[in-house]
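**Q** prediction below, plus the sequence it came from.
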Amino acid sequence: MANQEDIFKKVISHAKEYGYVFQSSEIYDGLSAVYDYAQNGVELKKNIREYWWQAMVQLNDNIVGIDAAIFMHPTTWKASGHVDAFNDPLIDNKDSKKRYRADVLVEDYVAKIEAKIDKEVTKAAKRFGDSFDKKQFLETNQRVLDYQTKGDGILKRLGKSLENEDLADVKALIEELEIACPLSGSKNWTDVKQFNLMFGTKLGASADSAMDLYLRPETAQGIFVNFLNVQKTGRMKIPFGIAQTGKAFRNEIVARQFIFRMREFEQMEMQYFIKPGTQQEWYEKWKEKRMKWHLSLGMGEENYRFHDHEKLAHYADAAADIEFKFPFGFKELEGIHSRTDFDLSQHEEFSGKKLQYFDPEENKSYVPYVLETSIGLDRMFLAVFSNSLKEEELENGTTRTVLKLPAVLAPAKAAVLPLLKRDGLPEVAQKLVDELKWDFNVVYDEKDAVGRRYRRQDAAGTPFCVTVDHQTLEDNTVTIRHRDTMEQQRVALDQVKAIISKEVDMRYWLQRI
Ligand code: GAP
C-alpha cells in the first residue's frame, strides 16, 4: 500500500488534473497557501455549502442566514479579542531560517507516536486474524499503553504552557523532545514568540484620512454585531441561530498541506443564541447534531472522532473539534464552541449599545450565551475529496482510479455518452442532455472508446454514465452505469431522470440526519 505522503501527493495531482483545484496565479509560480477552485471544484464546493445550508437554515425553523461584509469596523476586532489575542506561537530554526508554529512541531511529534500505535494495531490484526479485538488490544497492550501515556502527557503539558502563555516552556518541550527542523535537521531554535494572524489593510483614498482595517479572520463577528438586528426584524425567540458562509483570512505561519490550511479560506458558521445556564445541554446537542450531519454523507464512521480542547480560546468555556482522518492523519475539521456571553458583552462594552434579549418567559433582559458550530468549507472539501479517491484492482487484473464522491455532492450527476459518433446516436444523446440539465449538471462526452469515457467519468467523480446505442433507436432504452459498482442496467429513456434523481436528491441524504 502507498504511504500517506504518496496518497496525499496523488490527491493534489488528481485535484489539478480533473479540474478541481489549481494553485493561485500558477503562471507566476503561485502564491503560498492560496488556491483557486476550478470548473469541477467550484461545483463540489457549492454542493457542500448547499448541503450545510439546507441542514442548518432550511431544515431548522429557528435558524436564519445572513451574509455580512468582509470589512468590519476595526473596533470589532478590539472587542472580539483578536487584536490582542489572535496569535500563534512561532519559532524559527536558526540554520534553515524556516519559521514554524511551535505547537504544530510538538503535535507532529505526537502524531508520529500515534502512527506507531496504528502500526502495532495493523501488526496485531494480521497476527490474530478474525479473532482480533481492536478495543481490547488498545486497552491492554503494554507498548500501546506506553505510547498513549507519552503522547497524552506531551499534549497536556503543551496545552498548559500555551494556556499560561509560558512560551519558555514550549521551547523547553521542543528541546526535551529533541525535535529537529525537518529541513535542516538542526535543533538550533530561537525563542518562541507570539505572532498575530490578522491581515491589515486600509480604507479610504488619502493617506492621512485612511482607516486601518482588518480582513476578517472569522465570519462569526459579522453575526454577533447583527444579533439584535436579526432578532428584532425576524422576531426571533431564544433559542435561535444565525448562520453564515463566507471568506475569512489568516496570515498562517505554517502554510502547507494544500487546502487544509490556507491564508484565504471559507467558513460555514452558526451562532446559536441561548439562555445563560443552558450552554452545557446545547453544547452536547450540537456536538451530536453536527456529527450526524457528517455521518449522513457515508464517508465512514471510523474516519471521525471528537477531540476535547485542553487549551480553550479566549472566548470559550468548552470546546471540541470534530476530527477527520485526512491523508496526513486525524486533524480538525470542525469546531463546536461554547462561547458564553463573551462576544456580545464585549461588543456591548466597546460600542456602548445594549445587545440584550428580553425573555418574555423570564420577564427580564439578558445577554444571551452562544453556542457556535464552525466548519471550514475548504477543509470539508479536502475531507470529501481525499476520502473519495480510490485506486481499485479490477477482476481482469487492471486498475481504475475512481473518485467515489457522495453522489449528492458530485459536480456532474451524469454523463451522457453516444456509443458512436454517427447513426443519429449523438442527436438522441444530446436531446437527453437537454432534458436532464433542467434538474442537474450533466456532461456530454463523445470522444474516445466508451470504456475510456467510463474511466474518465470515474476519475472525475460522475456517479452515472448513460449510454445511447443502436438499441436505443429501436426501443427507447439506454444503459445506466453506476460509478461505484460498475453495474449496468437497461432502462427506458423516460426513467433516467427518476433513477438519477432518487440517488442525488439532497432530501434523500439529509433525511439520514
Ligand atoms: N469562529 C470560530 C473559529 O473561527 P477556528 O477553529 O479558528 O474557529 C473554525 O476555525 C474552522 O475553520 C476550523 O475548524 C477549520 O475547519 C477552518 N479553518 C480555520 N483556519 C483555516 C485555514 N487557515 N485554512 C482552512 N480552513 C481553516
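**A** Now that the structure is in, tell me what you want to look at.
**Q** okay, now residue 196: neighbour count?
**A** 17 (other C-beta atoms under 10 Å). Using the backbone N, CA and C atoms, a C-beta is placed for each residue, glycine as well.
**Q** run a quick neighbour tally on the nearest residue to it once chain neighbours are set aside.
**A** Nearest non-adjacent residue to residue 196, counting by C-beta to C-beta, 6 or more residues apart in numbering: residue 87, 5.4 Å away. Using other C-beta under 10 Å, the number of residues around residue 87 comes to 14.
**Q** quick one, what contacts residue 87?
**A** 194-197 (C-beta atoms under 8 Å, 6 or more residues apart in numbering).
**Q** what's the answer for residue 237, then?
**A** 62, 360.
**Q** per-residue pLDDT, it?
**A** Looking at residue 237, its pLDDT stands at 97.
**Q** so which strand or helix has it?
**A** When elements are defined using DSSP states H and E, residue 237 is found to belong to no helix and no strand.
**Q** would you map the helices across the stretch 101-250 of the chain?
**A** 102-128, 134-140, 142-163, 167-176, 220-224, 227-233 (DSSP state H, counting those that start in this stretch).
**Q** which of those helices sits closest to residue 433?
**A** helix 220-224 (40.4 Å; C-beta to C-beta).
**Q** rewinding a little: now list the buried members of the contacts of residue 87.
**A** residue 196 (16 or more other C-beta atoms under 10 Å).
**Q** any chance of the contacts of residue 87 in a markdown table, with distance to the ligand too?
**A** What follows is the contacts of residue 87, written out as a markdown table (distance: C-beta to the nearest ligand atom, whole Å):
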| residue | distance to the ligand |
| --- | --- |
| 194 | 16 |
| 195 | 14 |
| 196 | 14 |
| 197 | 9 |
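**Q** quick one: name the residues of the stretch 301-450 of the chain near the ligand.
**A** Proximity of the stretch 301-450 of the chain to the ligand (C-beta under 6 Å from any ligand atom) is limited to residues 332-335, 372, 374-376, 378-379.
**Q** try 8 Å this time
**A** The interface of the stretch 301-450 of the chain toward the ligand, taken as C-beta under 8 Å from any ligand atom, is made up of 313, 321, 332-335, 337, 372, 374-380.
**Q** between these, which sits nearest the ligand?
**A** residue 376 (2.6 Å; C-beta to the nearest ligand atom).
**Q** phi and psi next, for the closest one.
**A** Backbone torsions of residue 376, given as degrees, to the nearest 10, read phi -80, psi 120.
**Q** who are the contact partners of it?
**A** 265-268, 333-334.
**Q** ok, 10 Å please
**A** 248, 259-262, 265-269, 332-335, 382-383 (C-beta atoms under 10 Å, 6 or more residues apart in numbering).
**Q** ditto for residue 429
**A** Contacts of residue 429 (C-beta under 10 Å, 6+ apart): 415-419, 444-446, 466-469, 472, 478.
**Q** excluding sequence neighbours, find me the nearest residue to whatever residue of the stretch 401-513 of the chain ends up closest to the ligand.
**A** Closest contact between the stretch 401-513 of the chain and the ligand, by C-beta to the nearest ligand atom, is at residue 409 (16.9 Å). Using C-beta to C-beta, 6+ apart and skipping residues adjacent in sequence, the residue nearest residue 409 is residue 47, 4.4 Å away.
**Q** so the one you found touches residue 37, yeah?
**A** No. Using C-beta atoms under 10 Å, residue 47 makes no contact with residue 37, being 11.9 Å away.
**Q** give me the common contacts of those two.
**A** Counting by C-beta under 10 Å, 6+ apart, the residues touching both residue 47 and residue 37 are residue 381.
**Q** that older thread, dump the contacts of residue 429 to CSV, plus pLDDT.
**A** Putting the contacts of residue 429 into CSV (pLDDT from 0 to 100) gives the following:
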residue, pLDDT
415, 98
416, 98
417, 98
418, 98
419, 97
444, 98
445, 97
446, 97
466, 98
467, 98
468, 98
469, 98
472, 98
478, 98
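**Q** report the buried members of these.
**A** So, of the contacts of residue 429, 415-419, 445-446, 466-469, 472, 478 end up buried under the neighbour-count rule (16+ other C-beta under 10 Å).
**Q** restricted to helices, list the residues you listed.
**A** If you go by DSSP state H, the buried ones among the contacts of residue 429 have residue 472 in helices.
**Q** need the contact list for the most centrally placed residue in the chain.
**A** Ranked by distance to the mean C-alpha position of the chain (C-alpha atoms, centre = their mean), the top residue is residue 380 at 2.2 Å. Neighbouring residues of residue 380 by C-beta under 10 Å, 6+ apart: 44-45, 48-49, 51-52, 266, 268, 294, 297, 324, 333-334, 409.
**Q** okay if I get those residues as TSV plus pLDDT and neighbour count?
**A** Below are the contacts of residue 380 laid out as TSV (pLDDT from 0 to 100; neighbours: other C-beta atoms under 10 Å):
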residue	pLDDT	neighbour count
44	98	25
45	98	22
48	98	24
49	98	17
51	98	22
52	98	20
266	98	21
268	98	22
294	98	20
297	98	19
324	98	24
333	98	22
334	98	24
409	98	25
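**Q** as TSV, those residues with distance to residue 288 would be great.
**A** Output for those, formatted as TSV (distance: C-beta to C-beta, whole Å):
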residue	distance to residue 288
44	26
45	26
48	21
49	22
51	18
52	17
266	25
268	18
294	11
297	16
324	17
333	16
334	13
409	22
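**Q** closest one of those residues to residue 286?
**A** residue 334 (10.4 Å).
**Q** hang on, that closest one packs against residue 323?
**A** Yes. If you go by C-beta under 10 Å, residue 334 and residue 323 touch, sitting 8.7 Å apart.
**Q** thank you kindly, that will do.
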